[in-house]
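In: After the sequence you'll find the predicted model.
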Amino acid sequence: MKKTIQLKHWLAVVFMTFVSLNVTAQEINCVTGPAGVSPLQNTIDFSAPAVPCGPFQSYEVWGSETPSGAFSLIETINNAAQLTSVHDLPAGGGPIWYYYIVFNYNCPGNPPIISNTATNEFSNASIEIINVDIQENPYCIEITWQQSPYSQTVGYDIGILQANGTVIQIGSTSNITDTTFCDNIGLSDECGLYTISIIDGCGNPSAYNPEGYCPILITDLTQDRCEQLITLTWEQFDYPYPDAPNLTYNILVGNGSDTTVVANQALAATDFNFFDFLDGDTMYFRVELIDDAGAVRSTSEWQEIIAQIVQPPTDFIIEYLTVNAQNEIDVYYYIDTMAEITNFKLKNENQDVLRPSNEIRKDDFSILTQNNPNKYTKDTITDPNTGSYYYQVVANDSCNEDHYSTIGRTIFLEVTLADFFKNRVQWNEFELENASVSNYKLYRDFGAGMQLVQSFAPGDDDFMDNVEEYYNQLGGFCYRVDADYTIPVPNEGNVTYTSSSNTFCIEQRPAVYVPNAIAPNGVNNEFKPVIVFGNPTNYSMKIFNRWGELIFQSNSPENGWFGDKNGTKVVSGGYPYNITFKASDGTDVQKTGIVTVIY
C-alpha cells in the first residue's frame, strides 16, 4: 500500500538551508511563457559574459519552433544592460519555442559568443527516477534520476507525491549534473512516492513528475520452525513510467560479511522461501529490482532474522542392545542434546523390516534426562526365548515429526537334543548398524554356574556340545552366548560392549544301563538299573519268572533285586524284567530284557 510522506519530512523542509543557484555567465537563464493574449509572448532572460573581450555592440535573440530547424532573428538588443527579450509569438504557430543568444563585442579576430539553446518546454518537463536505493550505515534512501535535457537547468527539487496529488519538497540539488539525493529521514516501511522537478536559472521550477517512484517494501520476514524455512514477502513493484523495461527481482541473503544473490524472480512475485541455514544463524535479506542490463532500479532495506528451527537429531544410534539377567531386553541409545524431542517410543519386530512397528513403550523426553545424550530404556514385555527381535527407537519432536535411530537385532539361542550326551546349540548373528563383532563366547551351566565352553569367530553359530563327562549330574544344561563388539559413539570414539543372548535350558535325554546277570552269592548280587540324566519319577521295576509270575517289584531306583522271591533264593536261569519311569523332561522311558541268575 502506497503511503504519503510523514510530517517530519515537512518539518525538514521548513529548516532546510536555501541553496543558491549557480548561474553561468553568457547563458540563457530561463524562458517563460507563453503568456498574455493576442499575441502570446515568451520572455527570455539571459546573462551576459562577465568579462567581455571588447566593447559591446549588440545582443541577437534567435528562435525556432524546433531545436533542429532553421532559427530566425527575433530581436537585436543594442543596450548592454538589457538582459531580457520579449518574443511575440506569431499567430498560428505553436507554443513551444527554442532560443539562443549571440553576444556581439568588438573583438577583432574573435568570433561572436553564442549561448546555450533554451526552451519554454522546460515548464512541462517530466524527469524520470532511475533508482531508489535504501542504504545502511549510515541510513539513507538514495534517489537517482535522469539528467535534465534542458540547458537552463541549474538544479532539482526532490519531493514526495501525496495521495491528493500535491508534493511535499524534501530537498534540492544545485547543479544540472547533480542527479542524486539522500533522504535520511524517510521511512523504509512506507512507499515514499519520490518525484523530481527541474529548477532553471531564474529559480523557476518545472512541474513535478506526476508519477511517483517507490522503493521496494518488505512486508514480512517470518520463519516456520517445523518446515525449516524463512519466508520473505514484499509489495509488488509498480513501475510508474511508460515504456517499462523488463524488470525482475534479485533476492539477496547475507550473513554480516558476505552477500549472495540466491534467486531471481519475476516481477509478479511477492514472496520467496529460503531453506539454506542452520539453527541460530543470523541472516539478512534484501530485494533488488534489476533491469535487463543488470542495473539496480530499486531496493528494499536489509531485514535481519535469527534462524530458529526445531532441531532434528544429527546423531541418533542404538549403541547397546542385550538380554539382561532378568530376561528383559536392555536398550541404550545416543541422541544429541540439541534435538528438540518430546517423547521416545521403543519398537520391535520379529523379522527384518525397514521400520519395526510393534510399539513396546513410550517415554517422555524430560524423564530421560534432557541434557544427557546417553539414554536407556528396556523391553519388559517381549520374551527373548521366543526368537530374535529387531529394535529401533523413534523420537518424536515438537513438530510431531518422527526421527529414527539405527536398528539392532538381539541374539536368540536355542538348544536341541541331538543324541545321547549331545546338545546342539545354535544362535543368530548379533546385528547393530555401525557395530563390528569381534567374537562370540558360548557359556554352559550344569548346576555350577555359567562356564566358558568355547569362543567362536563371527559367522560360526552352530555347535555340538558333548556332555558325556557330566553323566553324574542331574542332566539339566543351560546355555548363553555373548557377542563382543565395538561401535563408534559420538564424542566418545569407539566403545566396546558385550551383548548377551537369552538363556536356554534343556534336560539331557536319560540313559539307562542294566546289568545282564547277577550272582546272589557273589559280589554282583544286586540287580538294578543305572539311570544317567534321568531324575526319574513314577519309577517301577518288575521281575518275572519263566512262567510270567511277578516275583519282585520296586518303586525306587535305589531298591534292587537280590535274586529271591519273598526271601527265598530263586533257581539259576533267566528272569524277564520291565523297568519304566518318567524322565525329568516328561519323557516316558521303558527298559525290558532278561537278567541271568548265576550261582
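Out: Okay, I see it.
In: pretty sure D383 contacts Q326?
Out: No - the pair D383 / Q326 is not scored as a contact, 12.0 Å apart, by Cβ atoms under 8 Å. In this view, the C-beta of every residue, glycine as well, is placed from N, C-alpha and C.
In: which one of the two has more residues nearby?
Out: Taking D383 and Q326 together and counting by other Cβ atoms under 10 Å, D383 has the greater number of neighbours (12 against 8).
In: can you pull the contacts of the more buried one?
Out: Taking Cβ atoms under 8 Å, 6 or more residues apart in numbering as the criterion, D383 is in contact with N327.
In: how close does it sit to T537?
Out: Remark: distance between D383 and T537 (Cβ to Cβ, to the nearest Å) = 28 Å.
In: ok, now F285?
Out: In this structure, F285 and T537 are separated by 85 Å, where distance is defined by Cβ to Cβ.
In: With V86 instead?
Out: Noted for V86: a distance of 144 Å to T537, by Cβ to Cβ.
In: Please say which of those two ends up with more neighbours.
Out: V86 (14 against 10).
In: Show the contacting residues for that one.
Out: V86 touches Q41, N42, T43, I44, counting by Cβ under 8 Å, 6+ apart.
In: can you list the residues you listed in JSON lines and add neighbour count and distance to G567?
Out: Converted to JSON lines, the contacts of V86 look like this (neighbours: other Cβ atoms under 10 Å; distance: Cβ to Cβ, whole Å):
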{"residue": "Q41", "neighbour count": "14", "distance to G567": "170"}
{"residue": "N42", "neighbour count": "23", "distance to G567": "166"}
{"residue": "T43", "neighbour count": "17", "distance to G567": "167"}
{"residue": "I44", "neighbour count": "27", "distance to G567": "167"}
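In: Please flag which of the residues you listed sit within strands.
Out: Using DSSP state E, the subset of the contacts of V86 located in strands is Q41, N42, T43, I44.
In: Show me which of those residues is closest to A244.
Out: Distance ranking of those against A244, using Cβ to Cβ, places N42 first at 34.7 Å.
In: Verify the stated contact: that closest one with G36.
Out: No - using Cβ under 8 Å, N42 is not in contact with G36; the gap is 9.7 Å.
In: Give me the helices and strands touching the longest strand seen in the chain, please.
Out: Taking DSSP E as the assignment, the strand of the chain that covers the most residues is strand 476-489. In this structure, strand 476-489 packs against strand 316-323, strand 413-419, strand 422-427, strand 436-445, strand 493-500, strand 504-507, with contacts taken as 3 or more Cβ pairs under 8 Å, 6 or more residues apart in numbering; DSSP states H and E.
In: Spit out the contact partners of the residue positioned nearest the centre of the chain.
Out: Residue closest to the mean C-alpha point of the chain, counted by Cα atoms, centre = their mean, is Q228 at 5.2 Å. Taking Cβ under 8 Å, 6+ apart, we find Q228 in contact with F275, I309, V310.
In: Just the buried ones from those residues, in ChimeraX syntax?
Out: With 16 or more other Cβ atoms under 10 Å as the criterion, this ChimeraX line picks the buried residues out of the contacts of Q228:
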select :309,310
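In: Return the member of the contacts of Q228 nearest to T406.
Out: Proximity of the contacts of Q228 to T406 was ranked by Cβ to Cβ; the top entry is V310 with 21.5 Å.
In: Tell me the confidence at S188?
Out: Reported pLDDT at S188 in the predicted model: 51.
In: hmm, I was thinking of E469
Out: pLDDT recorded at E469 is 81.
In: Let's verify it: helix, strand, or coil?
Out: Remark: E469 carries the secondary structure label helix [criterion: DSSP: H, G, I helix; E, B strand; the rest coil].
In: Can you get me a residue count around it?
Out: As a burial measure, E469 scores 9 neighbours (other Cβ under 10 Å).
In: again, but for F122
Out: The number of residues packed around F122, counting by other Cβ under 10 Å, is 24.
In: same check, this time on T580
Out: Residues contacting T580 under the criterion other Cβ under 10 Å number 15.
In: Pull up the gap between it and D352, please.
Out: Shown here: T580 relative to D352, a distance of 47 Å by Cβ to Cβ.
In: in stretch 287-305, what's buried?
Out: 287-291, 297-303, 305.
In: Tell me which of these fall in strands.
Out: Judged by DSSP E, the subset of the buried residues of stretch 287-305 located in strands is V287, E288, L289, I290, R297, S298, T299, Q303, I305.
In: Could you list the low-pLDDT ranges of the stretch 101-250 of the chain?
Out: Within the stretch 101-250 of the chain, the segments meeting pLDDT under 70 span 187-190.
In: Not counting its neighbours along the chain, what's nearest I77?
Out: With Cβ to Cβ, 6 or more residues apart in numbering as the criterion, I77 has its nearest non-adjacent residue at 4.1 Å, and that residue is Y59.
In: now do P245
Out: Excluding the flanking residues, the one nearest P245 by Cβ to Cβ, 6+ apart is D291, at 4.3 Å.
In: residues in contact with the one you found?
Out: By Cβ under 8 Å, 6+ apart, the neighbours of D291 are P245, N246, L247, R297.
In: I am finished for the moment; much appreciated.
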